[in-house]
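Asks: sequence plus predicted model, see below.
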Amino acid sequence: MKKILFVSGSIGLGHVGRDLEVAGALRRIRPDLEISWMAEPPASEVLENSGEKLLPEAGLLSSANSELERLAREYKANLVQWVMNMRKGWSRNAEVYARISEAYSFDLWIGDEPYDIMIAMQKNLGLKKCPFVVIYDFLGLDATTRNPVDHLAAYMTNRLWVKFLVGEPSLADRSIFVGEIEDVPNKRFGFMLPNRRRLAEKLINFAGYVLPEDIEDFRNKAKSRKLLGYGNEPLILCSIGGTSAGKNLLDLCVKAYPIVKDKIPNLQMVLVCGPRVAPDSIQAPAGVKIVGYLPSLYRHLGAADLCIVTGGGTITLELTALQRPFLYFPLEHHFEQEVDVANRCQRHRAGIRMTCSKTTPESLSEAVVSNIGTHVDYASIPTNGAQEAARTILSIL
């Protein structure tokens, strides 16, 4: 039996969902695999509820989610600042992974954006005792403010990122990008640093998009509604993902609801608070249903006439694959959502981008009325990324 350590890093729930898809694809090809996991809440809770095996050391990890939520104000979350603030937490995590390296014997480590492990390995390559696979969904930081400190921090981090990719000996035996080559910006990491896309073409395996295996079964709205128990009323689904940083968007949706309902009397709205916002913290009128964490959220997205979401990388891809109309609000100063995800949505002709700080309940209601139930024709995207990633991973096992 081959033993794998799968580290599901980063913020929210999008990453752990796709990591579970990759793990499922690995097991279908190699049933003899034993997979252990490292993750922090809320991802760790999803893994436990899925019957996965978490190492006890997972409880020692620093909380990346809590740090982002501490930074978030008025729907703004400066991701460059978050990276800087997490350096101490990542250093503490490095000690945890050093302990794991000594205490356990694995045939392979897989890390989904495991920057803490990579920083630790760069300082002490002895930590690496087996092949190591790294999964990315963006390459390089981009400052989205005018603050020169943010620009310097992004540049210095990108220098380190280039070392991860081209350093000798290589930290990663395989690097996998969840997406297509066009999703990597065709620009330098920074002054005197290499071009991101050209470097990725040389060093990284592109898997396509990792989405639920049955997602296309929920593209039919009527079928999805019948399966999930929804009625025939016009339905809006609002979701902020796996952190509380987007709570302002839920508040905005609540304020817009009565305005829209005047024009669409039988309108129904579902607010999905996720695991980090208490449903009872939101006061909503009749006709608005409030739920917490909703497993297999993509199935409910397929039942909606319109979705209102943050600019998360996973949920915008799911909506693109489902061909559902949606409004998306990138967290402001969150460079991945404002730059990488927004550019990808534009390339796929998917969704309508909006800005939370510039949107009033009245303007949101106008956007809702204009787009609810409309026919969309997004680009067709590959959905078999889990299988492609699994084949790449198993090529070195």
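Replies: Yes, it's here.
Asks: now residue 136: how far from residue 200?
Replies: Look at residue 136 and residue 200: by CB to CB, to the nearest Å, they are 9 Å apart. No exception for glycine: its C-beta is placed from N, CA and C like everyone else's.
Asks: mutual contacts of the two, please.
Replies: residue 177 (CB atoms under 8 Å, 6 or more residues apart in numbering).
Asks: would you confirm that residue 21 contacts residue 210?
Replies: Yes - at 5.3 Å, residue 21 counts as touching residue 210 under the criterion of CB atoms under 8 Å.
Asks: list the residues that contact both of these two?
Replies: Counting by CB under 8 Å, 6+ apart, the residues touching both residue 21 and residue 210 are 385, 386.
Asks: please identify which of those two sits among more neighbours.
Replies: Counting neighbours by other CB atoms under 10 Å for residue 21 and for residue 210 shows that residue 210 has the greater number, 31 against 20.
Asks: quick one: contacts of the helix or strand containing residue 222?
Replies: Element membership of residue 222, judged by DSSP states H and E, is helix 221-228. Helix 221-228 has contacts (CB under 8 Å, 6+ apart) with 217-218, 230-232, 235, 299-300, 302-305, 324.
Asks: do the same with stretch 361-375
Replies: Residues contacting stretch 361-375 (CB under 8 Å, 6+ apart): 234, 236, 252-253, 255-256, 259-260, 263-264, 305-306, 308, 325, 327, 352, 354, 359.
Asks: residue contacts, residue 45?
Replies: Counting by CB under 8 Å, 6+ apart, residue 45 has contacts residue 275.
Asks: for it, give me the pLDDT.
Replies: Note on residue 45: pLDDT of 95.
Asks: circling back to that earlier point, can you put the contacts of helix 221-228 in JSON lines and add distance to residue 159?
Replies: Shown next, in JSON lines, are the contacts of helix 221-228 (distance: CB to CB, whole Å):
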{"residue": "217", "distance to residue 159": "45"}
{"residue": "218", "distance to residue 159": "43"}
{"residue": "230", "distance to residue 159": "50"}
{"residue": "231", "distance to residue 159": "55"}
{"residue": "232", "distance to residue 159": "56"}
{"residue": "235", "distance to residue 159": "48"}
{"residue": "299", "distance to residue 159": "42"}
{"residue": "300", "distance to residue 159": "42"}
{"residue": "302", "distance to residue 159": "43"}
{"residue": "303", "distance to residue 159": "46"}
{"residue": "304", "distance to residue 159": "43"}
{"residue": "305", "distance to residue 159": "47"}
{"residue": "324", "distance to residue 159": "40"}
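Asks: got a PyMOL select line for the buried ones in the residues you listed?
Replies: Only the buried entries of the contacts of helix 221-228 go into this PyMOL selection, using 16 or more other CB atoms under 10 Å:
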select buried, resi 218+230+235+299+300+302+303+304+305+324
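Asks: and the contacts of helix 221-228 as a markdown table, adding distance to residue 91, pLDDT and secondary structure?
Replies: As requested, these are exported to a markdown table (distance: CB to CB, whole Å; pLDDT from 0 to 100; DSSP: H, G, I helix; E, B strand; the rest coil):
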| residue | distance to residue 91 | pLDDT | secondary structure |
| --- | --- | --- | --- |
| 217 | 44 | 93 | helix |
| 218 | 42 | 95 | helix |
| 230 | 47 | 94 | coil |
| 231 | 52 | 93 | coil |
| 232 | 55 | 93 | coil |
| 235 | 46 | 97 | strand |
| 299 | 40 | 97 | helix |
| 300 | 39 | 97 | helix |
| 302 | 42 | 97 | coil |
| 303 | 44 | 97 | coil |
| 304 | 43 | 98 | coil |
| 305 | 47 | 98 | coil |
| 324 | 42 | 98 | coil |
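Asks: between the contacts of helix 221-228, which is nearest residue 268?
Replies: Closest approach to residue 268 among the contacts of helix 221-228 (CB to CB): residue 235, at 5.0 Å.
Asks: in the sheet, who's paired with that closest one?
Replies: Counting by DSSP bridges, residue 235 is bridged to residue 268.
Asks: test my guess that it contacts residue 287.
Replies: No - in this structure, residue 235 is not within contact of residue 287 by CB under 8 Å, at 11.0 Å.
Asks: overlap in contacts of these two?
Replies: Joint contacts of residue 235 and residue 287 (CB under 8 Å, 6+ apart) are 268, 269.
Asks: buried ones in the helix holding residue 222?
Replies: 221, 224, 225.
Asks: likewise for stretch 256-264?
Replies: 256, 257, 259, 260, 261, 264.
Asks: lowest average confidence, helix or strand, in this structure?
Replies: Here the helix or strand of the chain ranked lowest by mean pLDDT, DSSP states H and E is helix 115-123, holding a mean of 87.
Asks: and the helices in the stretch 1-150 of the chain?
Replies: For the stretch 1-150 of the chain, the helices defined by DSSP state H, counting those that start in this stretch occupy 14-29, 43-49, 64-71, 79-103, 115-123, 148-166.
Asks: cool, the stretch 251-397 of the chain as well?
Replies: According to DSSP H, counting those that start in this stretch, the helices that the stretch 251-397 of the chain contains are 297-301, 313-322, 335, 342-347, 361-371, 385-394.
Asks: let me see the domain layout of this protein.
Replies: As recorded under automatic domain parsing, the domains making up the chain are 2-209+384-394, 215-371.
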